[in-house]
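1. here's a sequence, model it:
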Amino acid sequence: MLNSYEARVIYMPYSVYEQVDATAGRFGTVVFSTVKGAKIKEVNTHVRNVMARKYQFAPSDDKVFYFNSMEEQVKAFTDLFVMIRKFLWFMGISTLVSGVIGVGNIMYSSAKERTREIGIRKSVGAKAQQIKAMFLWESIALTSLAGYVGLVLGWGILKVVALFISEDTPMMEKPGLDFPTAVAAIFILVIAGTLAGLRPAIYAAELNPIEALKEEN
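-> All right, here's what the predicted structure looks like:
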């Protein structure tokens, strides 16, 4: 017998069942399992034909005999979760791209506002690569901080959701944060921070120190 609520199932010989239940011999539902490698559609057709011959109904009549396959249910659930995962990936990538553009604009505005500061740094010996590295690190720090806050909030939300999911809930596990996914997210954030800071970093590195010193705050 296959049942989602296994703890509520009692196994007994059919002869015992006939003694304790007056409705023995009349079944609303019959559950059976197949051998490994069996093709569900072929089993479905065979069982339906056998039942149709025994009880005199058309094998194509779904109202008389309904065949429900756990394999099909699992496939439906799997397809649903795949679609949800793709949607979440799309939303995540869209949010990441928006964040990169936003951080890039912020860093570019910061570079424009700090033109005189950049000129002073260059006049006292700072090299273009040092100026570029400074802005890149600031961009990476900004995106990493925002990403870390997002991970912590996501972890907190998962913990709250897990409180409402019982251990006995069938076909559903308590949600949690996958460590490899978290590491991959941090790595992606570092790359995103680098891309976001690239334009302002190049702008700052290419500034002429003489022209930059003329800039009024």
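2. how does the protein divide up, domain by domain?
-> 6-55, 70-214 (automatic domain parsing).
3. out of these, which comes closest to Val64?
-> Among the domains of the chain, domain 6-55 comes nearest to Val64, with 7.5 Å by Cβ to Cβ. Every residue, glycine included, has its C-beta placed from N, CA and C.
4. quick one on the thing from earlier: out of the domains of the chain, which is the most enclosed?
-> Neighbour counts averaged per stretch over the domains of the chain are highest for domain 70-214, at a mean of 14; criterion: mean count of other Cβ atoms under 10 Å.
5. tell me where the chain has helices.
-> Assigned by DSSP state H, the chain shows helices spanning 14-20, 40-55, 70-113, 115-123, 128-163, 179-205, 209-214.
6. from Ser98, how far out is the spatially most central residue of the chain?
-> For the chain, the residue nearest the mean C-alpha position is Arg85 (4.7 Å; Cα atoms, centre = their mean). Arg85 sits 20 Å away from Ser98, going by Cβ to Cβ, to the nearest Å.
7. same question for Met12.
-> 61 Å.
8. and if you look at Val152?
-> Counting by Cβ to Cβ - Val152 and Ser98 are separated by 20 Å.
9. swap in Leu213?
-> 36 Å.
10. go on, Val30?
-> Counting by Cβ to Cβ, the gap from Val30 to Ser98 is 54 Å.
11. same check, this time on Lys75
-> For Lys75, the distance to Ser98 - Cβ to Cβ - is 35 Å.
12. again, but for Ser33
-> Distance from Ser33 to Ser98, by Cβ to Cβ: 49 Å.
13. now Glu72
-> Distance from Glu72 to Ser98, by Cβ to Cβ: 39 Å.
14. contact partners for Phe57?
-> Contact analysis of Phe57 by Cβ atoms under 8 Å, 6 or more residues apart in numbering lists 51, 64-65.
15. 6 Å instead?
-> Val64 (Cβ atoms under 6 Å, 6 or more residues apart in numbering).
16. got phi/psi on it?
-> phi -140, psi 160 (degrees, to the nearest 10).
17. quick one, grab the pLDDT at it.
-> If you check Phe57, the pLDDT there is 81.
18. relative to Tyr66, how far out is it?
-> In terms of Cβ to Cβ, Phe57 sits 12 Å off from Tyr66.
19. ditto for Lys86
-> Counting by Cβ to Cβ - Lys86 and Tyr66 are separated by 32 Å.
20. shaky segments in this structure?
-> 1-8, 22-28, 165-176, 215-217 (pLDDT under 70).
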